[in-house]
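Undergrad: The amino acid sequence is not available; the structure is as follows:
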């Protein structure tokens with residue numbers, strides 16, 4: 001599955017929204033002219049199957065893996081489909097430990113020394129996926145790579161992953177998305193400029 005195919009799929013199911021007048025407000029408070037909701041892919045069997053197969057291709061190129069770990073919550077279903085295709089164990093990682101029961105942050109069975117792939121739906125600043133990877137590492141798991149469906153390619157994510165023992169890859173990128181939007185005449189040149197301005201400085205609309 002090429003980036004352009006995935007981008008077309010995301011646009012077709014309405015997973016990518018562009019709003020260059022009334023900006024979206026992310027959970028972090030960041031104001032953005034774009035919102036990518038990869039959770040919608042769950043509802044489209046062909047799209048989710050293509051995504052799982054693309055993840056598998058990347059994972060197979062990374063060498064032997066023992067367990068697939070999904071980031072709660074949006075990464076969980078994709079991790080399950082990937083683990084199923086690879087016939088591997090799967091776990092998922094909460095954003096924080098449960099406040100009751102066994103107090104688990106990692107749900108499922110893991111063993112020290114195992115090699116894991118972390119599956120996330122998208123990477124913006126990288127914070128949530130890095131926290132998931134570090135939770136696994138704290139339990140003696142070697143995180144080989146973080147994989148996501150989409151990345152905004154923000155400098156903040158690149159900086160956050162610097163110095164980590166693992167890196168991240170995504171099936172589709174922000175630049176590819178903009179190119180596809182232009183090709184399909186879904187945005188004009190002015191909107192492209194605004195979207196690139198945000199990409200270069202994600203806080204440009206938050207602080208204005």
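TA: Structure's in. What do you need? Predicted model only: the values in this text are computed from it and were never measured.
Undergrad: hey, let's count contacts and neighbours off CA atoms from now on
TA: OK.
Undergrad: Could you report the neighbour count for residue 119?
TA: 31 (other CA atoms under 10 Å).
Undergrad: Quick one: residues contacting the residue positioned nearest the centre of the chain.
TA: Nearest to the geometric centre of the chain sits residue 122, at 2.2 Å (CA atoms, centre = their mean). Residue 122 makes contact with 38, 148, 149, 150, 151, 152, 170 under the criterion CA atoms under 8 Å, 6 or more residues apart in numbering.
Undergrad: quick one: it and residue 149, what's the gap?
TA: 6 Å (CA to CA, to the nearest Å).
Undergrad: Mutual contacts of those two, please.
TA: Going by CA under 8 Å, 6+ apart, residues that sit against residue 122 and also against residue 149 are 38, 170.
Undergrad: tell me which strands and helices the one helix or strand residue 131 maps to is in contact with?
TA: Here residue 131 sits within helix 127-138, counting by DSSP states H and E. In terms of contacts (3 or more CA pairs under 8 Å, 6 or more residues apart in numbering; DSSP states H and E), helix 127-138 is packed against strand 67-71, strand 115-123, strand 142-151, helix 155-161.
Undergrad: do you know how far the residue nearest to residue 173 when sequence neighbours are not counted is from residue 185?
TA: Leaving out its chain neighbours, the residue that sits closest to residue 173 by CA to CA, 6 or more residues apart in numbering is residue 151, at 5.1 Å. Distance, residue 151 to residue 185, by CA to CA: 22 Å.
Undergrad: More neighbours: which of those two?
TA: residue 151 (23 against 10).
Undergrad: any idea how far the more buried one lies from residue 84?
TA: In terms of CA to CA, residue 151 sits 24 Å off from residue 84.
Undergrad: again with residue 154
TA: Taken as CA to CA, the span from residue 154 to residue 84 is 31 Å.
Undergrad: the more surrounded of those two?
TA: Comparing residue 154 with residue 84 by other CA under 10 Å, the one with more neighbours is residue 154, at 18 against 14.
Undergrad: check contacts around residue 112.
TA: With CA under 8 Å, 6+ apart, residue 112 has these contacts: 139, 140, 141.
Undergrad: Regarding it, what is its secondary structure?
TA: Recorded secondary structure, residue 112: coil (DSSP: H, G, I helix; E, B strand; the rest coil).
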